[in-house]
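K.L.:
please find the sequence and the predicted model below.
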Amino acid sequence: MTLSHHTRSSIDSPIARAEAITPTLVALGSRYDAAPVFPVESLKALVAADIHRTFAPIESGGEAFEDAAARNQCLMRILRIVGRADLSVGRLYEGHVNALALFDWFGSAAQKAELGRKLDQGAFYGVWATEPPPGVQLCQSILRGGKSFATGAGGLAYAIITAQPEQGERQLVVVRADEPARTDLSQWRVRGMRATGSGLYDLTGMAIDPSHLLGRSGDYDREPRFTTGAWRFTAVQLGGIEALLTQTRLAMSDAARADPLQRAKFADAVAAARTAYLWVRECALRAAHDDPDGPAFARMTRGIVERAGLDVMELATRIIGTRSAMDGERIDKIIRDLSLYLRQGGPDYARDQAALAWLDHDAWGAEDALW
């Protein structure tokens, strides 16, 4: 799917432009949840705000930031803003900016120029790596196999996929992602994150030429960027946690606010949300500097954000009661979306690998090491 390009907003700051469309994203999100349908109108709002190109390579029309840290700080803020409004759209937007980063790191001058033209047309991209066995194969310039849990399958214009060539490591390939005949969303029957349209996408028979190959074999899996990049989806999840905390505060009755036990629950929710925020912010900064311990930090951050989300969801339902489970209530939608989005693969393994790193040395960093 490509969307017509709109004249750039007169608001200069990407953060201000993202905040300005928040009410629109919230209102549209409720409608998508009831249908469910792919969030075309929400993506149009992102295009109108011109934040679909903010984090593209400069050669593709992206924003020029002072440095990588400033870029990640801005990205974290916008991922949280979009996540607060609608976690499904946040997930799609996070996949899009991941794709833009891959173009920035590995794209040729010609590919970056082509990306700029596609962004002018309002194109959105995804990154698809999950696949059922035996995986996607690249044999004599023809793809064979498909991707599973392909977020935005059939709705996005393009996706960057991983494919196994006949020799060497996995290769990044840019493919069309909007062909109905290749899309199967029949199994995406879920309580939350409905509008992401995460389904199967069959790539068998798709012809690939050299201009579709992004970078060299193995680029996608290189550390520390591969694992540390998880900070981006934790930022979207954090936005959902913050939205739930905000909605819980708004929903608290005068009686609840006068009850010290309910206030104590609310204080616990605030502490959980802000703890997650501090870890995601630190992880974003580590990623900006390609910190060698970034993977360990990202793995620990994943678990901390998951724990915060689970805690805030429980506390919100205990504070608000039955209303938190009523159809049509924003709290109910956030909880359903967040409960699914937190189910990222291998949480126990990620935490175990983080623990191994910290047992070896304090991965927080030499400037403030405890051991």
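P.N.:
Okay, I see it.

K.L.:
using PDB, list the CA coordinates for stretch 363-371.
P.N.:
C-alpha atoms of stretch 363-371 as PDB (Å, rounded to 0.1, in the frame of the first residue of the first chain):
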ATOM      1  CA  ALA A 363      27.100  -4.500  31.800                       C
ATOM      2  CA  TRP A 364      25.800  -1.200  33.100                       C
ATOM      3  CA  GLY A 365      29.200   0.200  32.100                       C
ATOM      4  CA  ALA A 366      32.700   0.900  33.400                       C
ATOM      5  CA  GLU A 367      31.800   4.500  34.400                       C
ATOM      6  CA  ASP A 368      29.500   3.200  37.100                       C
ATOM      7  CA  ALA A 369      30.400  -0.500  37.500                       C
ATOM      8  CA  LEU A 370      29.500  -2.300  40.800                       C
ATOM      9  CA  TRP A 371      31.900  -5.100  40.100                       C
END
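
K.L.:
now do the buried residues in it.
P.N.:
363-364 (16 or more other Cβ atoms under 10 Å). Placement of C-beta: from N, CA and C, glycine included.

K.L.:
now that stretch: how far from the chain's centre is it?
P.N.:
Between the centre of stretch 363-371 and the centre of its chain there are 29 Å (Cα atoms, centre = their mean, to the nearest Å).

K.L.:
residues in contact with that stretch?
P.N.:
291, 293, 296-297, 300, 354, 357, 361-362 (Cβ atoms under 8 Å, 6 or more residues apart in numbering).

K.L.:
how about the helices of this protein, start to end?
P.N.:
Here the chain has its helices, by DSSP state H, at 14-20, 22-34, 40-48, 68-85, 87-106, 109-120, 225-228, 231-251, 254-258, 260-288, 294-320, 330-341, 347-360.

K.L.:
now do the fifth one against helix 68-85, angle only.
P.N.:
Orientation of helix 87-106 against helix 68-85 (axes from the mean of the first three to the mean of the last three Cα atoms, to 10 degrees) gives an angle of 160 degrees.

K.L.:
helix 87-106 to helix 330-341, inter-axis angle?
P.N.:
Using the same axes, to 10 degrees, one finds that helix 87-106 and helix 330-341 are set 40 degrees apart in direction.

K.L.:
just want the angle from helix 87-106 to helix 231-251.
P.N.:
Calculated by the same axes, to 10 degrees, helix 87-106 forms an angle of 160 degrees with helix 231-251.

K.L.:
how about helix 87-106 as CSV, C-alpha atoms only?
P.N.:
Provided in CSV are the C-alpha atoms of helix 87-106 (Å, rounded to 0.1, in the frame of the first residue of the first chain):
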residue,chain,number,x,y,z
LEU,A,87,-0.3,0.0,19.9
SER,A,88,-1.2,-1.6,16.5
VAL,A,89,-0.2,1.5,14.7
GLY,A,90,2.8,1.8,16.9
ARG,A,91,3.9,-1.7,16.0
LEU,A,92,3.6,-0.9,12.3
TYR,A,93,5.4,2.4,12.6
GLU,A,94,8.2,0.7,14.6
GLY,A,95,8.6,-1.9,11.8
HIS,A,96,8.7,1.0,9.3
VAL,A,97,11.5,2.9,11.1
ASN,A,98,13.4,-0.4,11.5
ALA,A,99,13.3,-0.8,7.7
LEU,A,100,14.5,2.8,7.3
ALA,A,101,17.5,2.1,9.6
LEU,A,102,18.4,-0.9,7.5
PHE,A,103,18.4,1.3,4.3
ASP,A,104,20.5,3.8,6.2
TRP,A,105,23.1,1.3,7.3
PHE,A,106,23.2,-1.0,4.2
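
K.L.:
what's the average pLDDT for that helix?
P.N.:
Average pLDDT, helix 87-106: 98.

K.L.:
then the second one?
P.N.:
Here the mean pLDDT over helix 22-34 is 91, rounded to a whole number.

K.L.:
before we move on, what about stretch 208-224?
P.N.:
94.

K.L.:
pull out the buried positions in that stretch.
P.N.:
208, 212-215, 217, 219-220, 224.

K.L.:
what's in contact with that stretch?
P.N.:
Outside of stretch 208-224, the residues within contact range by Cβ under 8 Å, 6+ apart are 102-103, 105-107, 110-111, 114, 129, 138, 141-143, 160, 162, 165, 168-175, 226, 287, 290-295.
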